[in-house]
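[1] task: produce atomic coordinates for the following.
(2 chains)
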Amino acid sequence: DAGVIQSPRHEVTEMGQEVTLRCKPISGHNSLFWYRQTMMRGLELLIYFNNNVPIDDSGMPEDRFSAKMPNASFSTLKIQPSEPRDSAVYFCASSPGPTGGYTFGSGTRLTVV
Amino acid sequence: GEDVEQSLFLSVREGDSSVINCTYTDSSSTYLYWYKQEPGAGLQLLTYIFSNMDMKQDQRLTVLLNKKDKHLSLRIADTQTGDSAIYFCAEKGNTPLVFGKGTRLSVIA
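    Purely as a prediction, here's the structure:
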């Protein structure tokens, strides 16, 4: 298995632009999670899906952030418009079920200038 | 809400044992996890312990759980330079994993 695949690995964009981050979970995993990692706040859960359905998006910082999971093998996290304070590493993780450990992707390092 | 606390830094000499500590608040935690993050990489699951266990050993890794005090520790025996990384404690109750801020382990040769 190729693991959780995220793209792109690095993204540099200008303030105000739309950014889309992509994630392919491990086949057969029912749950998908988006986390953001910064030095100040550590790992923050943004949103998670069970069986492609968003369960809790209370961690999404603002309406500028949105996430979708149109099918079991693909999810996107979109920021529109992006701001410099969105600069962080964004991780996607998937899990086979409620008690399973999470498998993380390699992350997308986003820099908004 | 749930909270997980860890010390931020630990420095040890190569060959010594490392002990990374973690406290958590959620008494309904069912599983507790240790993840390792190397520079530029995602988090890698190292080991986990079910909440009804006191100890789990896996090669050089020993996990101790004191459920009464809500205290979890990870001991790495014979620490090597390749063990230098950030170690995250995480707990799972009725919600997704809650992570600590991570302990940066530096191994001095």
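
[2] interface residues of chain A facing chain B?
    A:4, A:31, A:33, A:42-43, A:45, A:48, A:56, A:91, A:93, A:99, A:101-107 (Cβ under 8 Å from any Cβ of the partner chain). Quick note: C-beta positions are derived from backbone N, CA and C, even for glycine.

[3] emit the ChimeraX select command for whichever of those residues are buried.
    Command for ChimeraX, covering only those of the residues of chain A next to chain B found buried under the criterion 16 or more other Cβ atoms under 10 Å in any protein chain shown:
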select /A:4,31,33,42,43,45,48,91,93,101,102,103,104,105,106,107
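
[4] dump the residue contacts of residue A:62.
    The neighbours of residue A:62, taking Cβ atoms under 8 Å, 6 or more residues apart in numbering or on different chains as the test, come to nothing; the list is empty.

[5] which residues are in contact with residue B:43?
    For residue B:43, the contact set (Cβ under 8 Å, 6+ apart) comprises A:43, A:91, A:93, A:102, A:104, B:35-37, B:88.

[6] dump those residues into CSV; add secondary structure and distance to residue B:48 as well.
    Shown next, in CSV, are the contacts of residue B:43 (DSSP: H, G, I helix; E, B strand; the rest coil; distance: Cβ to Cβ, whole Å):
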residue, secondary structure, distance to residue B:48
A:43, strand, 17
A:91, strand, 18
A:93, strand, 14
A:102, coil, 10
A:104, strand, 14
B:35, strand, 9
B:36, strand, 13
B:37, strand, 16
B:88, strand, 12
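
[7] close to chain A: what parts of chain B are there?
    With the criterion set to Cβ under 8 Å from any Cβ, chain B comes near chain A through B:30-31, B:33, B:35, B:40-45, B:48, B:88, B:92, B:95-102.

[8] follow-up on the earlier one: pick the one among the contacts of residue B:43 closest to residue B:79.
    Distance ranking of the contacts of residue B:43 against residue B:79, using Cβ to Cβ, places residue B:36 first at 12.6 Å.
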